[in-house]
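K.L.:
Provided below are the primary sequence and the corresponding predicted coordinates.
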Amino acid sequence: MGFGINTTTPPAVKNIIIINCLFFLASIALPKFAGIDVVNLLGLHYFEAEAFNPIQLLTYMFLHDTSGLTHIFFNMFGLWMFGRGIEEALGTKRFLIFYFVTGVGAALVQEATWAISLNQISDAFNQYINTKDISLLTPYLQNLDANTYIPVSQALQLKALLLNKPVTIGASGCIFGLLIAFAMLFPKAEIFLLFIPIPIKAPIFVAIYAVAELFMGIAGTGDGVAHYAHLGGMLFGLILLLIWRNDDNGENLLQKTSEWFSNIRGKIRDAFSRTQMKVKRPQRNASDAEWNQYNREAKAKRNARIDEILEKIKRSGYSALTDDEKRDLFNMSK
């Protein structure tokens, strides 16, 4: 496939490819030389499984199947092919936000898919523990007859094994998010496929791909591919692009997000500054030297606080001050 676009690789795309390659090498080396199963540790597990960790919602997208190069090659090729133009159009900051939102969104959709299928297993084992009806477990365990009895401790272990078994890895959810972004940002771009001799408009190509993924997800092809996660990446990408499009191309949303984080940082800094301004008062019977030292330290702290507030006014205006900063400025100006 191909289309006219700058061949240079912008920083976000380049660094994401490098990180994925490093994770790929670590997934090969660490199990052999350190006994660390990177895929089991950082791959996405079902949220009720013992192996689940919330950080996996991020880390899974940097892992790929190490049994061959196909998985990582096509994902990184797709990232390079589509990501360059998207990063140039959105800017590096928004591109990174988009990439990780689609990746996490794909993970959440995969979790929801698992919740439907794996919840049945969890319920079956819970009911067996309460009723000892072995027929509840026959859909999930082989070679069981009506007289089979599994102790509760072993039943819990089997339940844990079955819930821990499914794991999702790969950047495919992110790549499908990039596909929808490419179709929306470059609707007139044409994609050429080796096995189709005519160019296909990007929106048509993405629509066909989405329908195919939906069909394979519903059909349950058993190919080990997280089709619903791919659609989740598309869905979250579409939602984010629509939000940005309706919000001055995302500038207001980014500004609000940045202001929110700045406000949080400001509150933390203010709390730290107020703590630092507190100078331990000497006892009443302290010497003149101790009182002089106290006055010098208190004055230095007060001046530092005034300078900090005035610098913020100079940088962002008086309206940017917090209530605590306004109160401190008023009290120290008396």
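P.N.:
That came through fine.

K.L.:
what strand or helix carries Lys299?
P.N.:
helix 288-316 (DSSP states H and E).

K.L.:
same check, this time on Asn143
P.N.:
Going by DSSP H and E, Asn143 is not in any helix or strand.

K.L.:
what count of nearby residues applies to it?
P.N.:
Neighbourhood size, Asn143 [other Cβ atoms under 10 Å]: 6. Placement of C-beta: from N, CA and C, glycine included.

K.L.:
buried stuff in stretch 238-247?
P.N.:
Within stretch 238-247, the residues that qualify as buried are 238, 240-241, 244, counting by 16 or more other Cβ atoms under 10 Å.

K.L.:
circling back: list the helices and strands the helix holding Lys299 packs on?
P.N.:
helix 251-277, helix 323-332 (3 or more Cβ pairs under 8 Å, 6 or more residues apart in numbering; DSSP states H and E).

K.L.:
and that helix, which residues are buried?
P.N.:
Buried-residue list, helix 288-316, by 16+ other Cβ under 10 Å: 301, 305, 309, 312.

K.L.:
what would those look like in a markdown table with pLDDT and distance to Ile18?
P.N.:
As requested, the buried residues of helix 288-316 are exported to a markdown table (pLDDT from 0 to 100; distance: Cβ to Cβ, whole Å):
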| residue | pLDDT | distance to Ile18 |
| --- | --- | --- |
| Lys301 | 77 | 46 |
| Arg305 | 75 | 44 |
| Ile309 | 74 | 43 |
| Lys312 | 72 | 38 |
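
K.L.:
now these in CSV, with distance to Asn292?
P.N.:
Formatted as CSV, the buried residues of helix 288-316 follow (distance: Cβ to Cβ, whole Å):
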residue, distance to Asn292
Lys301, 15
Arg305, 21
Ile309, 26
Lys312, 31
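
K.L.:
show me which of the residues you listed is closest to Leu231.
P.N.:
Closest approach between the buried residues of helix 288-316 and Leu231, by Cβ to Cβ: Lys312, at 45.9 Å.

K.L.:
which residues touch the closest one?
P.N.:
Contacts for Lys312 (Cβ atoms under 8 Å, 6 or more residues apart in numbering) come out as 320-321, 325.

K.L.:
give me the mean pLDDT for the helix or strand where Arg94 lies.
P.N.:
Assigned by DSSP H and E, Arg94 belongs to helix 92-131. Per-residue pLDDT over helix 92-131 has a mean of 91.

K.L.:
could I get the buried residue list for that helix?
P.N.:
Under the neighbour-count criterion of 16+ other Cβ under 10 Å, helix 92-131 has 94-111, 113-114, 118, 121-122, 124-125, 128 buried.
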